[in-house]
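Engineer: sequence first, predicted coordinates after that:
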Amino acid sequence: MTTYPGQHRINLMKIAVHLPRSLGASLLAVPCVKSLQENFPTASITLLSDEKLVNLLATLLPEFQVIALPDIKDIPGLQKNAGRVKEMGFDLALLLEESLVSALLFYLARVPQRWGYDREGRGFMLTRKVRLRASDPRLHLKHHYLKLLEKLGLKVDDRPVYLKLPEPQLTAATQKLIGAGVDPASGFVAIKPGSSYGPARSWPLENQLALVSLLQDKNIPLILVGSTSSTSFGHSIKSELDGRVVNFCGQLSLEETAGVIALANLFLGNDSGLTQLANFLGVPVVGLFGPTDPRVCGPCQPPAVVLHKAAPCAPCSYKNCPYDHRCLKSISPAEIFEVISGFISR
């Protein structure tokens, strides 16, 4: 039997953590998950994650079991997955995915303890809940998740968390780079040029071309990484500029991309999961933020520099900017080059 806050006693043998569905938010939840483990060191903790993230998270967090949980879109899917969860026999579920469906899933699975934020009208399905008021200050996502544990009376650890990839994955990434004509030992910069969310979060192409030209003048090898959403940017940069530019956009799995990023001397990216990944891998990060607020979703631990210019229309959730995209256009190639040069010269 384990005592948990509220002076109750409960047999916590198996704990489920329903992670957020995006890569960035899942990584920002890692300090919360590790704090949960410190509070319940004898419990078995299972992470339920989006199918696309399972392999990477299992590699980065080998101390936890990671299970895929499909995106539930209808009643039959909800019933099927509730049955799966029930069979796993969890004693407690920590719901970091803050949707109504998340709470309904564990409610139907009859998990005895269901803890989480009271959002989207799901409070009645939670056995322990933390209410958010409109007047509460917005926290960085990392602290938002840690605050949940704190409000539930658990101890939290706010220290930086750095994750490691296994040597075979780093070796495979090394061979991939050498095959593309880049020696990782000589150093390189990884750049994520596009955004899966939409063009509003991407630094304008003309600015990217200008920055790449400046970096090429310094003979700094450049590797372009990202999903298929970065393919058009990658192709344009590669075709417009000669020199040491390797375009991996849309060509690597998430796990392969992680290996390449882990070997980089620096990562330049926008508000994205890969930016958070680089940050948690301990790679120096330069983050470009425009429509979103880096105080809420930016890289949260050193070494990192965030470039962000205030705009009267920001923050916003537009996928395509309906105005002049000034929030990102106002970040100049010269100032990014200066920041990158400061990191590279160390």
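Structural biologist: Cool, got the structure.

Engineer: which is the next helix or strand following the host helix or strand of Ser232?
Structural biologist: Assigned by DSSP states H and E, Ser232 belongs to helix 231-240. Moving toward the C-terminus from helix 231-240, the next helix or strand (DSSP H and E) is strand 245-247.

Engineer: got the contact list for the spatially closest residue to Leu100 that is not a sequence neighbour?
Structural biologist: Among residues not flanking Leu100 along the chain, Glu120 sits closest, at 4.3 Å (CB to CB, 6 or more residues apart in numbering). C-beta: built from backbone N, CA, C; applies to glycine. Taking CB atoms under 8 Å, 6 or more residues apart in numbering, we find Glu120 in contact with Glu98, Ser99, Leu100.

Engineer: tell me the spacing between Glu120 and Ser99.
Structural biologist: 6 Å (CB to CB, to the nearest Å).

Engineer: over to Gln208?
Structural biologist: 35 Å.

Engineer: for those two, indicate the residue with more neighbours.
Structural biologist: Between Gln208 and Ser99, counted using other CB atoms under 10 Å, the more crowded position is Gln208 (24 against 16).

Engineer: and the more buried one, that's in a strand?
Structural biologist: No: according to DSSP: H, G, I helix; E, B strand; the rest coil, Gln208 belongs to no strand; its state is helix.

Engineer: doesn't Glu240 make contact with it?
Structural biologist: No: judged on CB atoms under 8 Å, Gln208 makes no contact with Glu240 at a distance of 9.6 Å.

Engineer: number of nearby residues for the nearest residue to Thr257 once chain neighbours are set aside?
Structural biologist: Nearest-residue entry for Thr257: Val225, 5.2 Å, with adjacent residues in sequence omitted and distances by CB to CB, 6+ apart. Val225 is flanked by 27 other residues according to other CB under 10 Å.

Engineer: next one: phi and psi at Val225?
Structural biologist: phi -130, psi 160 (degrees, to the nearest 10).

Engineer: can you give me the distance of it to Lys309?
Structural biologist: Val225 is 25 Å from Lys309, by CB to CB.

Engineer: Ser330 now?
Structural biologist: Taken as CB to CB, the span from Ser330 to Lys309 is 4 Å.

Engineer: cool, Leu105 as well?
Structural biologist: Applying CB to CB to Leu105 and Lys309 gives a distance of 41 Å.

Engineer: between these two, who's got more neighbours?
Structural biologist: Leu105 (28 against 16).

Engineer: tell me the pLDDT of the more buried one.
Structural biologist: Leu105 carries a pLDDT score of 98 in this model.

Engineer: quick one: secondary structure of it?
Structural biologist: Per three-state DSSP, Leu105 ends up helix.

Engineer: how about the contacts made by it?
Structural biologist: Taking CB under 8 Å, 6+ apart, one finds His18, Ile72, Leu78, Asn81, Ala82, Val85 in contact with Leu105.

Engineer: what's the farthest-apart pair in those residues?
Structural biologist: Taking CB to CB, the two most distant members of the contacts of Leu105 are His18 and Leu78; they sit 13.5 Å apart.

Engineer: so those two - more neighbours on which side?
Structural biologist: His18 (25 against 15).

Engineer: next one: that one from Ile67, what distance?
Structural biologist: 10 Å.

Engineer: so which elements touch the helix or strand hosting Gln276?
Structural biologist: Assigned by DSSP H and E, Gln276 belongs to helix 273-280. Judged by 3 or more CB pairs under 8 Å, 6 or more residues apart in numbering; DSSP states H and E, helix 273-280 is in contact with helix 23-28, helix 254-263, strand 266-270, strand 285-289.

Engineer: which other residues reach that helix?
Structural biologist: 22-24, 26-28, 30, 60, 161-163, 190, 192, 225-226, 257-258, 261, 264, 267, 269, 285, 287, 299-301, 304.

Engineer: give me the angle between it and strand 266-270.
Structural biologist: 150 degrees (axes from the mean of the first three to the mean of the last three CA atoms, to 10 degrees).

Engineer: among the helices and strands of this structure, which has the poorest mean pLDDT?
Structural biologist: strand 8-10 (a mean of 49; mean pLDDT, DSSP states H and E).

Engineer: which ones among the contacts of Leu105 map onto strands?
Structural biologist: Among these, the ones falling in strands (DSSP state E) are His18.

Engineer: narrow the contacts of Leu105 to those in helices?
Structural biologist: In helices, defined here by DSSP state H, the members of those are Leu78, Asn81, Ala82, Val85.

Engineer: tabulate the residues you listed (CSV), appending distance to Asp157.
Structural biologist: Output for the ones in helices among the contacts of Leu105, formatted as CSV (distance: CB to CB, whole Å):
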residue, distance to Asp157
Leu78, 34
Asn81, 31
Ala82, 32
Val85, 28
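
Engineer: picking up where we left off before, find the residues that touch each one of His18 and Ile67.
Structural biologist: Leu48.

Engineer: tell me the contacts of the closest residue to Pro221 other than its chain neighbours?
Structural biologist: Leaving aside its sequence neighbours, Pro221 sits nearest to Phe188 (CB to CB, 6+ apart; 3.9 Å). Residues in contact with Phe188, defined by CB under 8 Å, 6+ apart, are Leu177, Val182, Ile220, Pro221, Leu222, Ile223, Leu263, Ala264, Asn265.

Engineer: one more pass at 7 Å, please.
Structural biologist: Val182, Pro221, Leu222, Ile223, Ala264, Asn265 (CB atoms under 7 Å, 6 or more residues apart in numbering).
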